[in-house]
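1. Need a 3D model of the sequence below.
(chains A and B)
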Amino acid sequence: KQEVTQIPAALSVPEGENLVLNCSFTDSAIYNLQWFRQDPGKGLTSLLLIQSSQREQTSGRLNASLDKSSGRSTLYIAASQPGDSATYLCAVKNSGNTPLVFGKGTRLSVIA
Amino acid sequence: DVKVTQSSRYLVKRTGEKVFLECVQDMDHENMFWYRQDPGLGLRLIYFSYDVKMKEKGDIPEGYSVSREKKERFSLILESASTNQTSMYLCASRTGQNTGELFFGEGSRLTVL
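-> Reported below is the predicted structural model:
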């Protein structure tokens, strides 16, 4: 059974730092991996989707990488801002008619 | 842009009441999902549907049922609400292709008194 782990559960950094959020999964036979952002009391917003054949995806200051063989993905945030403060979740899609499997997220605080 | 709309952002209900949570998507997605989210427990899948009139149990279906009479609408039903069903409920949809992106609604915060 696929398991997704995000460590650390919480992270606090000063504004302007570059930072990396980690996501690991136990079964490397995935179709894709998706990163989400969630603000308090809101739904999840999709940030980046990486297909299994891709190594990375970029959107603005965000860069997500995927290493299927090692079961890892990272979300790199450049020049962090207080507005980046949120919970970041990753989720993987396995083969077949199966729902995504989610990690529990990393709560990021960027301090001005 | 894909839009997933949940009809109610906040609801307050009494124990024993029947509760309907509605979700509508406008992108002709085959797959739709209902999750609940609680502090420390993460997202937990309640029910999902891969097509009209189809439904599959997720990890925590007890106390819930669903309805998918039309492709764009997926309803979550609490037949007799209980206090332990107080939670944030999130609806999501995606295409039927394995490579598709998952999109969420804004969430419905349900309080059962």
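
2. need the residues of chain A near chain B, please.
-> Contact residues of chain A with respect to chain B, defined by C-beta under 8 Å from any C-beta of the partner chain, are listed as A:31-32, A:34, A:36, A:41-46, A:49, A:51, A:89, A:91, A:93, A:95-97, A:99-100, A:102-105. Yep, even glycine has a C-beta here, placed from its N, CA and C like the rest.

3. Okay, A:Ser73 and chain B: tell me how far apart.
-> Going from A:Ser73 to chain B by C-beta to the nearest C-beta, to the nearest Å gives 15 Å.

4. residue contacts, that residue?
-> A:Ser73 makes contact with A:22-25, A:33, A:35, A:50, A:64-67, A:90, according to C-beta atoms under 8 Å, 6 or more residues apart in numbering or on different chains.

5. cool, A:Gly60 as well?
-> Applying C-beta under 8 Å, 6+ apart, one finds that A:Gly60 lies in contact with no residue.

6. picking up where we left off before, give me the subset of the residues of chain A next to chain B lying in strands.
-> Using DSSP state E to define strands, the subset of these located there is A:31-32, A:34, A:36, A:44-46, A:49, A:51, A:89, A:91, A:93, A:102.

7. Among those, give me the pair with the biggest separation.
-> A:Tyr31 and A:Thr45 (20.9 Å; C-beta to C-beta).

8. more neighbours, these two?
-> In terms of neighbours (other C-beta atoms under 10 Å in any protein chain shown), A:Tyr31 is the more surrounded of A:Tyr31 and A:Thr45; the figures are 18 against 14.

9. My read is that the more buried one contacts A:Ser95, right?
-> Yes - the pair formed by A:Tyr31 and A:Ser95 meets the contact definition of C-beta atoms under 8 Å, at 6.2 Å.

10. anything in contact with each of these two?
-> A shared contact of A:Tyr31 and A:Ser95, defined by C-beta under 8 Å, 6+ apart, is any residue touching both; here these are B:Asn98.
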